[in-house]
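A.B. asks: here is a sequence together with a model predicted from it:
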Amino acid sequence: MSTLENLYENLIKREDLRQSVSGLRQVLKESKELEETGALSRENAANQLYGMLEKDGGIDRILEILSDEDAKTRKNAALLLGEMSEAMTEEDIAICIQKLFACYGSELTRFVLPAYLTGLEYLTKRVPLSEEMHRILSERLDVIDAMGDIPAQERKHILAERKALGGVLSSKEEEIKVSFQMPGDDFDVLLSADVSDRELLLEQVKRETDAAKMLPFGILVSGKARDRIMKVGLYEYMMYRIMPSRQMPFGADRLKDALERSNFGKFIHDCYGKDAKLSFRIFLHAPYEDKKRAAVIKKLEAEFEFYGSGRLKAKKKEVDLHLHLFLQKSGNMGLFVRPLAQADDRFAYRTEELDTSMAPRKAVKMVSLLSSELLPDARVIDPFAGTGTLLIEREKAKKTKEMYALDTFGDAVILGRKAAEAANVRILYVHRDAMSFTDDKPFTEIISELPDLFHKDAEEKGHFFRELGEITQRLLASGGVAFYLTSEGNAIKSMIRREDGLSFDREIIFDKTRSIYILRKK
């Protein structure tokens, strides 16, 4: 007998009822996860359970449990009904909606209330609430939103009820696309970047403004200098700092009160207008294990929704705002907002890309690390160019005389030509293998991200670097320089030892696995 059958038998016999209902929920959850990954080899558990019930008294066998004297059993039964909704007939769903709504109205144990609402949220995805039910739940939501100072012992449960109310009511609301406009310069910005890139990013920003400093989680720049650093290529994304009052800093407890004293409301009003309804997702930057992190995020979501009074809704996908909260040494939090509607046209030339294309920020990083080595008016070639992103960023960093991009993949050449035209950069793309390419004039510079050879065996790698040595010797002018980004440092050094005409200059660490190797032709 399967786990599902054992748990179902106990449920029918009313043996270990709390454990039986919660166990059935766990079986349904595991089955759904397998189904979503394509690993489920039989009928999903919800369909199996519903089929058993149809032969044994129907959905009433679960509905009866909503009258059980144990509060946790009632809670799990309400959630189980919702989680079975995809397997139910619409007739049974309508019966369940009526029952859960009635239980919500009569329940005296506060922590059970959100379960009825969550069950309703699942069910109403297939059968809508009646107008009367919607009106009553909306009125309850308004009552909660009008509450002032909620006693600490009740706050957690009331906010959980409010969040669940928002969930069931939003299932009836239509998605409305909101318009966005940039906030004023009174909001400082935080530039996000990998830890290893922040020093370099700060250097780039400092070329544009002195009103910048490094924080443990990014580069903070004065809002008044924002327009000057919009084109800096190395940051991942831009966020806006929300300033709390000194009397009430941001924390997981009573966040609504702190938000009311901050400039968060002004940010929303300036960017979206006073009546906009926005969705958000929280990112918590704190050294918490997964279970605690999820619990704190859930608590924070409820506080933001309570503050928003129906204008803010937590979601996992397709949201308007990313809310980043950084835990500080004091135990308080720094709040930064990333509006996803804000345009980022730093790499607008990249209208199409390939999986093998070099990421633009990586190209920016490479040319930034080489800034002191790049010569003006150089004749440059990339023998493994792909779509030519590295050459485009090379031209932005320092003007060249002429640039060639070689690649054996026709689509890369076609897309590269489009990108170069969009970037207003002149690059001659050649659909040819580097070994067979010749030109009348030698090049003063080779710059390239070498192909990933991770899956190649030793013989194949050896062959590649023997050819690379020949290519480097043939293409470079005397005194010319090659910049190769690769994880194959030992192979590069072996290649140089074989090639009498090349010398090794130095290595620049790029990331955890790769370096830029600088070679010169004698």
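C.D. replies: Perfect, thanks for sending it. Here the structure is a predicted model, which is why all the values come from computation and not from measurement. Numbering: from 1, shown residues only.
A.B. asks: residue 370 versus the closest residue to residue 67 other than its chain neighbours, what's the distance?
C.D. replies: Excluding its sequence neighbours, the residue lying closest to residue 67 (C-beta to C-beta, 6 or more residues apart in numbering) is residue 74, at 7.8 Å. Just so you know, the C-beta spots here come from the backbone N, C-alpha and C atoms, and that holds for glycine as well. Distance, residue 74 to residue 370, by C-beta to C-beta, to the nearest Å: 66 Å.
A.B. asks: helices or strands up against the helix or strand of the chain with the lowest mean pLDDT?
C.D. replies: Lowest by mean pLDDT, DSSP states H and E among the helices and strands of the chain is helix 152-170, with a mean of 87. If you count contacts as 3 or more C-beta pairs under 8 Å, 6 or more residues apart in numbering; DSSP states H and E, helix 152-170 packs onto helix 113-123, helix 131-145, helix 290-308, strand 312-314.
A.B. asks: what about residue 245, how many neighbours?
C.D. replies: Residues contacting residue 245 under the criterion other C-beta atoms under 10 Å number 13.
A.B. asks: for the stretch 1-150 of the chain, what spans make up the helices?
C.D. replies: Under the criterion DSSP state H, counting those that start in this stretch, the stretch 1-150 of the chain contains helices at 3-13, 17-36, 45-54, 60-63, 71-83, 90-106, 113-123, 131-145.
A.B. asks: would you list those helices in JSON lines and tack on distance to residue 198?
C.D. replies: Below are the helices of the stretch 1-150 of the chain laid out as JSON lines (distance: least, C-beta to C-beta, whole Å):
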{"stretch": "helix 3-13", "distance to residue 198": "50"}
{"stretch": "helix 17-36", "distance to residue 198": "37"}
{"stretch": "helix 45-54", "distance to residue 198": "48"}
{"stretch": "helix 60-63", "distance to residue 198": "54"}
{"stretch": "helix 71-83", "distance to residue 198": "44"}
{"stretch": "helix 90-106", "distance to residue 198": "50"}
{"stretch": "helix 113-123", "distance to residue 198": "41"}
{"stretch": "helix 131-145", "distance to residue 198": "41"}
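A.B. asks: flag the shaky bits of the chain, pLDDT-wise.
C.D. replies: Counting by pLDDT under 70, the chain contains low-confidence ranges at 1, 39-42, 171-176.
A.B. asks: which residues touch residue 157?
C.D. replies: Counting by C-beta atoms under 8 Å, 6 or more residues apart in numbering, residue 157 touches 110-111, 113-114.
A.B. asks: just the buried residues of those.
C.D. replies: The neighbour-count criterion (16 or more other C-beta atoms under 10 Å) marks 113-114 among the contacts of residue 157 as buried.
A.B. asks: which one among the contacts of residue 157 gets closest to residue 103?
C.D. replies: Nearest to residue 103 among the contacts of residue 157: residue 113, at 9.2 Å, using C-beta to C-beta.
A.B. asks: hang on, that closest one packs against residue 159?
C.D. replies: No - assessed by C-beta atoms under 8 Å, residue 113 is found out of contact with residue 159, at 11.5 Å.
A.B. asks: coming back round to it: isn't the residue nearest to residue 67 up against residue 100?
C.D. replies: No - with contact defined as C-beta under 8 Å, residue 74 and residue 100 do not form a contacting pair (10.6 Å).
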